[in-house]
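Enquirer: Okay, sequence plus prediction incoming.
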Amino acid sequence: MTTPALREVSGEIRRAAFVPPSTAGVDEWADRSRYLSTEASSEPGRWSTDRAPYLREIMQSLTDPDVHRICWVKSAQVGATEVINNWAGHTIECAPGPMLVIQPSLPMAQTWSKDRLAPMLRDCPTLRGRVRDGSGRREADNTIERKMFPGGYVAVVSAGSTASLRSRPVGRIAADERDEWEIDLGGQGDPLALALARATTFWDWKLFEVSTPLDFYSSAIWASWKTSDQRLYEVPCPHCDGRQPLVWRDGEGEDESPDGAGQYRIVCEKDAAGDPVPASAKYQCAHCETLIEERHKGAMLTAGAWVPRHLGRSVRGYRLGGVYSPWFGWAALMEAFLAARHHPASLKTFVNTRLGLPWRETGETIEPHFLQERAETFPAAVPPGVDLLTAGVDVQVDRLEVGLWGWGEREESWTLEQIQLEGDPGQDAVWGLLAELLVHRWPLEHGRALTLASVAVDAGYQTDRVHRFCQRWHKASRPVFATVGRDGRGRPILTPPGPGAFKRARRQQHSAHILGSDSGKDNLHSRLKVEQPGPGYVHFSADLDRVFFEQLTAEELKNTYVSGRPTRKWILREGRRNEALDCAILAHAALVKLGPQVVANLGERAAKLATAPDPEPSPAPAPAPSRARPVRRTPWARDF
């Protein structure tokens with residue numbers, strides 16, 4: 001007597017034993033069998049590699065027996081995630097075996113499994129039914145983290161779990177968004193090395209690293225690219241037929257200036273005011289200097305080919321920027337650049353995500369006297385251009401240090417005061433002085449005044465006192481909140497407490513926000529290098545003394561090594577103090593706390609605040625007093 005479970009097992013054995021493996025490559029399988037899902041693609045329907053021809057060789061390398069390690073340095077919106085999806089589909093149908101997909105975090109792993117892999121298994125006819133349905137006794141074979149199929153499985157894990165990386169032998173590893181991984185996982189070294197140790201036992205093992213590069217000095221994907229054969233996708237000019245890689249700027253990808261230092265290749269016309277017009281963007285050929293319209297891009301990509309710069313290297317490397325993207329045009333790229341060019345933090349994001357290049361900081365040490373020379377005499381305590389005020393509070397053993405900052409359009413900022421409130425933070429008196437600052441009104445030039453819109457307080461010392469103060473003074477309209485600093489590149493400047501913290505504290509304002517110290521310092525350092533008033537520029541009051549500027553520039557960015565890998569770390573200079581620096585980062589975090597809508601609309605009130613308030617209307621004459629009506633007493637009241 002056969003049971004359904006036994007019939008299922010026997011069917012899997014027959015399929016695995018009697019169906020010969022396919023010799024189709026990943027690109028051939030995708031063109032034949034892949035369907036894009038509606039919830040995972042802006043262009044649902046049958047897959048076509050011809051839509052992005054540069055993907056073909058990358059997918060072919062995933063089944064090339066002579067290639068074991070592939071790295072791809074890429075920008076956003078060039079199809080990288082779909083290549084991993086296609087590799088997984090090809091593995092399930094054509095080349096069964098164990099495959100490991102590693103995402104930077106557990107939430108990202110679960111999101112890829114639910115939003116990318118599961119819809120593909122549902123919508124591709126040749127994959128439908130191959131993964132066990134997870135019913136009955138085989139429920140554990142089909143989970144978010146593990147998809148079983150005849151002859152193998154696809155495991156989806158986090159790069160932050162040593163147990164997941166060590167626990168299983170695999171022949172195929174897809175390492176997604178490599179630069180967002182931890183450098184040293186739990187003191188055990190590089191997470192990828194832990195996984196790779198389990199792969200090399202397979203004769204046909206394959207590692208596919210793919211990522212948008214981040215910081216030049218610590219980028220793991222850029223380090224892999226430098227050891228590879230460095231392939232660039234060259235396309236012909238439709239006018240002179242000269243072959244060239246499409247670049248944002250000449251010289252990009254070089255160590256001295258990764259984002260290029262030569263001529264810009266995407267150019268556009270200017271309007272009557274001299275401002276660039278993104279809609280007119282064209283590509284200028286490096287050979288004949290003729291302007292190429294974007295309508296030629298499709299034909300150029302079809303005729304293109306990958307050309308290695310270093311033949312013979314064992315690692316096959318690909319680099320592709322957003323200039324190639326079929327889904328993000330040259331006009332959109334130019335518009336994104338124009339929006340980011342005056343703001344260093346936004347420009348870094350543009351270089352990473354749109355150009356697919358690492359960001360390299362220049363001039364990482366700023367001397368205090370250069371900033372002090374820029375100091376200005378403000379016409380009032382709050383100068384014109386300021387839209388709102390924030391403060392950062394650093395708790396010291398014998399005082400509170402308060403940095404008062406003003407913010408204007410596109411995060412142009414003004415350092416107004418550095419205030420010392422003397423007193424023991426373990427006693428009430430100094431907190432009373434801080435409470436007075438919360439209600440203090442700082443005057444503008446024409447009689448108006450501003451109060452603090454948001455305040456961030458460091459809770460690293462006298463933690464209970466800080467939480468009690470924030471709990472008492474916090475309001476939704478004027479947040480006063482505690483922070484705890486955490487190092488780590490790529491961490492957001494401000495992260496709210498998680499749900500677990502809310503449950504423990506029962507009050508949001510009693511839970512500390514996580515302050516991304518490195519990100520805050522990176523952001524401030526970039527803004528201090530802006531030399532002309534405008535977006536991102538920092539103004540300094542002439543009332544600030546030399547000590548303030550020395551504290552603001554007390555740390556410098558240096559190379560350090562963690563588990564043999566270089567990383568960039570802010571180091572306090574010998575003999576210096578950094579209270580002003582800490583207050584500046586806290587004041588910026590206080591601005592972030594107000595929300596992206598407030599930050600985006602900075603400057604809307606500044607014009608109104610710079611004018612004198614309307615005169616108060618004369619009080620209306622008081623009405624003549626009316627004669628009081630006599631109280632009518634009813635019989636029942638009289639009797640009572």
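Expert: Yep, that arrived.
Enquirer: so where's this structure uncertain?
Expert: Across the chain, the ranges flagged by pLDDT under 70 are 1-23, 133-141, 162-167, 184-189, 361-364, 498-510, 559-567, 610, 612-640.
Enquirer: can I assume Ala175 sits in a strand?
Expert: Yes - assessed with DSSP: H, G, I helix; E, B strand; the rest coil, Ala175 lies in a strand.
Enquirer: Could you tell me how many residues sit around it?
Expert: 26 (other C-beta atoms under 10 Å). Where C-beta positions appear, they are placed from N, C-alpha and C, glycine not excepted.
Enquirer: Would you enumerate the residues in contact with it?
Expert: 102, 159, 181, 192, 195, 207-211 (C-beta atoms under 8 Å, 6 or more residues apart in numbering).
Enquirer: Show me those residues that map onto strands.
Expert: 102, 207-211 (DSSP state E).
Enquirer: just the helices in the stretch 451-600 of the chain please.
Expert: Applying DSSP state H, counting those that start in this stretch to the stretch 451-600 of the chain gives helices spanning 463-473, 499-505, 517-528, 546-552, 579-593, 596-600.
Enquirer: returning to that earlier point: just send the ones in strands among the contacts of Ala175 back as TSV, with neighbour count too.
Expert: Formatted as TSV, the ones in strands among the contacts of Ala175 follow (neighbours: other C-beta atoms under 10 Å):
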residue	neighbour count
Ile102	26
Leu207	21
Phe208	23
Glu209	25
Val210	21
Ser211	25
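Enquirer: and the two most separated of the residues you listed?
Expert: Spanning the widest gap among these are Leu207 and Ser211, at 12.9 Å by C-beta to C-beta.
Enquirer: How many residues are close by Cys587?
Expert: Quick fix: residue 587 reads Ala, not Cys. Ala587, neighbours per other C-beta under 10 Å, totals 28.
Enquirer: actually Pro492, not the one I wrote
Expert: 13.
Enquirer: Would you confirm that it contacts Gly516?
Expert: Yes - counting by C-beta atoms under 8 Å, Pro492 touches Gly516, with 5.2 Å between them.
Enquirer: what helix or strand does Ile70 sit in?
Expert: Using DSSP states H and E, the element containing Ile70 is strand 69-74.
Enquirer: Using CSV, write out the CA atom coordinates for the helix or strand that that strand is followed by.
Expert: Downstream of strand 69-74, the first helix or strand assigned by DSSP H and E is helix 80-93. What follows is helix 80-93, C-alpha atoms only, in CSV (Å, rounded to 0.1, in the frame of the first residue of the first chain):
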residue,chain,number,x,y,z
ALA,A,80,21.7,42.8,-10.2
THR,A,81,19.0,41.3,-8.0
GLU,A,82,17.4,39.7,-11.0
VAL,A,83,20.6,38.0,-11.8
ILE,A,84,20.6,36.3,-8.4
ASN,A,85,16.9,35.4,-8.9
ASN,A,86,17.7,33.8,-12.3
TRP,A,87,20.7,31.9,-10.8
ALA,A,88,18.3,30.5,-8.1
GLY,A,89,15.7,29.5,-10.7
HIS,A,90,18.4,27.9,-13.0
THR,A,91,19.7,25.9,-10.0
ILE,A,92,16.2,24.6,-9.1
GLU,A,93,15.4,23.5,-12.6
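Enquirer: which helices and strands sit right next to helix 80-93?
Expert: helix 26-33, helix 55-61, strand 69-74, strand 98-103, helix 118-123, strand 152-158, strand 172-176, strand 206-211 (3 or more C-beta pairs under 8 Å, 6 or more residues apart in numbering; DSSP states H and E).
Enquirer: got the angle between the first one and helix 80-93?
Expert: For helix 26-33 against helix 80-93, the angle by axes from the mean of the first three to the mean of the last three C-alpha atoms, to 10 degrees is 80 degrees.
Enquirer: contacting residues around helix 26-33?
Expert: 22, 24, 47-49, 55-56, 59-60, 62-63, 83, 86-87, 89-90, 93-94, 124-127.
Enquirer: Any of the residues you listed buried? List them.
Expert: Among those, those classed as buried by neighbour count (16 or more other C-beta atoms under 10 Å) are 24, 47, 49, 55-56, 59, 62-63, 83, 86-87, 89-90, 93-94, 124, 127.
Enquirer: Figure out the helix or strand that the residue nearest to Ala380 when sequence neighbours are not counted lives in.
Expert: Spatial nearest neighbour of Ala380, excluding adjacent residues (C-beta to C-beta, 6 or more residues apart in numbering): Glu445 at 4.2 Å. If you go by DSSP H and E, Glu445 is not part of any helix or strand.
Enquirer: still on that earlier bit, so which of the helices and strands packed on helix 80-93 gets nearest Arg295?
Expert: Using C-beta to C-beta, the nearest of those to Arg295 is helix 55-61, at 21.2 Å.
Enquirer: What is that closest one packed up against?
Expert: Using 3+ C-beta pairs under 8 Å, 6+ apart, helix 55-61 is in contact with helix 26-33, strand 69-74, helix 80-93, strand 315-320.
Enquirer: still on that earlier bit, looking at the helices of the stretch 451-600 of the chain, which is nearest to Pro344?
Expert: It's helix 517-528; of the helices of the stretch 451-600 of the chain, that one is closest to Pro344 (C-beta to C-beta) at 3.0 Å.
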